[in-house]
Every structure is written in structure tokens, then in C-alpha cells.
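J.: quick one, fold the following:
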Amino acid sequence: MRCTPEGGGWGNGAGNADYTVYFYAQFSKPLKNYGIWRGGIPEGQIRKLKEIESIGYDSLIAKSKIIKGFNEIEGKHLGFYSEFETHRDEQVFVKSGISFASMEGAKENLGKEIPLFDFDKVKSQAESL
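T.: Reported below is the predicted structural model:
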């Protein structure tokens, strides 16, 4: 994910940082359906925190094009969706690693930092920092 001052990024763009964040995610059970959505955000649209939390911005995202079955794509204004086959009150967990260097680094960080799907353990470790 490319973060630029125009799109907010760290510090809502105030520091004029321009960087890429790579992320790698795993789910606690197989996906039933998945895909990508592409938002129809007009060129030049302000994407700072105040704007992306507005009803107007939500209405732009609500009109996003859904691309079923894709698991990799490049472009602007993209998001991922997933569906799981679950029973009543079942929880599905996701864990994600990040890296500012590479996708491989994000996967490696996830393996080192969150090896198991144990939410309570991860929460406890985070709170102890």
C-alpha cells in the first residue's frame, strides 16, 4: 500500500512522508468467497482523515466495482473483501504482519510476531509493552 502526503499517510500527510507498507495476512479458516473492490475516487479528491470519514466519501466507496476471485491487483483505491462459512457465534480470526521493505519481510514478521491464532495472548503481549 503506497502512502503519500496527498492520501493522508502517517500523520495525515503533515510530515510529507512518501512510503510503501507491505502486509501479509492469514485467516483462521478457509475463505468461502473473496475478491477486491476498486473505489471510484475521482482524481484530485482529498483523502485526508476528515474527508475519508465523511458521508460523501462513503458514498463514493459504496459505488465501488467488485472484482470477485482476485487475490492480487495493483492500482489506486483498492480494498479486499472475504466471506467465510461459519456457524452461529463462530469467530474467524485474521492476523497480519507488515514491513516497510518487502512482502517477504511482512510474511516473516507475521511468523515471528504472531505465530498462532491466539487473540488473548497477542492482546496481553501488546498491553505489556
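
J.: give the buried residues for stretch 101-112.
T.: Under the neighbour-count criterion of 16 or more other C-beta atoms under 10 Å, stretch 101-112 has 106-107, 109-110 buried. Yep, even glycine has a C-beta here, placed from its N, CA and C like the rest.

J.: where do the strands sit along the protein?
T.: Along the chain, counting by DSSP state E, strands occupy 2-3, 19-20, 22-27, 33-38, 65-68, 78-83, 94-99.

J.: rewinding a little: let's have the buried residues of stretch 101-112 in a markdown table, adding distance to residue 84 and pLDDT.
T.: Output for the buried residues of stretch 101-112, formatted as a markdown table (distance: C-beta to C-beta, whole Å; pLDDT from 0 to 100):
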| residue | distance to residue 84 | pLDDT |
| --- | --- | --- |
| 106 | 22 | 96 |
| 107 | 22 | 96 |
| 109 | 24 | 96 |
| 110 | 19 | 95 |
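
J.: thinking again about what came up before, out of the strands of the chain, which gets nearest to residue 49?
T.: Proximity to residue 49 (C-beta to C-beta) singles out strand 2-3 among the strands of the chain, at 12.7 Å.

J.: about what we covered before: and the strands of the chain as CSV, adding mean pLDDT, distance to residue 120 and mean neighbour count?
T.: Output for the strands of the chain, formatted as CSV (pLDDT from 0 to 100; distance: least, C-beta to C-beta, whole Å; neighbours: other C-beta atoms under 10 Å):
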stretch, mean pLDDT, distance to residue 120, mean neighbour count
strand 2-3, 78, 31, 14
strand 19-20, 86, 32, 12
strand 22-27, 92, 18, 15
strand 33-38, 90, 27, 16
strand 65-68, 89, 34, 11
strand 78-83, 88, 23, 13
strand 94-99, 94, 13, 16
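
J.: now those strands as TSV including distance to residue 49?
T.: TSV is the format used below for the strands of the chain (distance: least, C-beta to C-beta, whole Å):
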stretch	distance to residue 49
strand 2-3	13
strand 19-20	17
strand 22-27	20
strand 33-38	21
strand 65-68	25
strand 78-83	17
strand 94-99	20
